[in-house]
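Novice: After the sequence you'll find the predicted model.
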Amino acid sequence: MAGLITERFRRRAGGHFAGLALLREDDANSFGVESAGRWQVRGNGNLALTEHELLFAQWVPNRLLRIPRDSIVEVTTARSHLGKTMGRKLLKVVWTTATGAQDSVALWVEDLDGWLEALSGPPRPGPST
């Protein structure tokens, strides 16, 4: 039964990526966006990468985080984020927002090295298609 429930959320979140040319997509667990503070709802979702954006579609609540690749200033690993720790390294992405402030998100992904490599390449300017 649990697989049926998670599959429904996975499909719904994947709908956010309809029409986008994905370079990769995986399940991920968000440890939160720094600017939203410690008390935000964190959790599972789909992490996707296009030529122009990194996207995280959270399952519950149903929301989408879009990070333009040309705004990313650092991709690294962390052991904790916003006071939450996991026994494994997390993917941490720092970017500059439209207002010029820096923000960050940390996510647990199964293929951490693969995501680090995928995000290390230069982004291509222009809108996502």
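Specialist: Noted; the coordinates are in hand.
Novice: what about this structure, any weak spots by pLDDT?
Specialist: For the chain, the stretches flagged by pLDDT under 70 are 1-5, 82, 122-129.
Novice: now the strands for it?
Specialist: Along the chain, the stretches classed as strands by DSSP state E are 24-33, 43-49, 53-58, 63-68, 72-81, 84-96, 102-108.
Novice: how far off strand 24-33 does the second one point, in degrees?
Specialist: The directions of strand 43-49 and strand 24-33 differ by 130 degrees, with axes from the mean of the first three to the mean of the last three Cα atoms, to 10 degrees as the criterion.
Novice: Can you tell me the centre-most residue of this structure?
Specialist: residue 56 (3.9 Å; Cα atoms, centre = their mean).
Novice: what's the closest non-adjacent residue to that one?
Specialist: Nearest non-adjacent residue to residue 56, counting by Cβ to Cβ, 6 or more residues apart in numbering: residue 65, 4.4 Å away. Every C-beta, even on glycine, is put in place using the N, C-alpha and C of the backbone.
Novice: The one you found contacts residue 105, doesn't it?
Specialist: Yes - with contacts counted by Cβ atoms under 8 Å, residue 65 reaches residue 105, the gap being 6.6 Å.
Novice: Now for those two: what residues contact both?
Specialist: Both residue 65 and residue 105 are contacted by 30, 33, 56, under the criterion Cβ atoms under 8 Å, 6 or more residues apart in numbering.
Novice: Please report how far the first one lies from residue 23.
Specialist: Taken as Cβ to Cβ, to the nearest Å, the spacing of residue 30 relative to residue 23 amounts to 20 Å.
Novice: what about residue 48, neighbour count?
Specialist: 22 (other Cβ atoms under 10 Å).
Novice: Identify the bridge partners of it.
Specialist: Beta bridges link residue 48 to residue 25, residue 55 when assigned by DSSP bridges.
Novice: I'd guessed it sits against residue 25; true?
Specialist: Yes - applying Cβ under 8 Å, one finds residue 48 in contact with residue 25, separated by 4.3 Å.
Novice: For the closest residue to residue 41 other than its chain neighbours, grab phi and psi.
Specialist: Excluding its sequence neighbours, the residue lying closest to residue 41 (Cβ to Cβ, 6+ apart) is residue 61, at 6.1 Å. With angles defined as degrees, to the nearest 10, residue 61 sits at phi -70, psi 160.
Novice: Having no further points to raise, I will conclude here.
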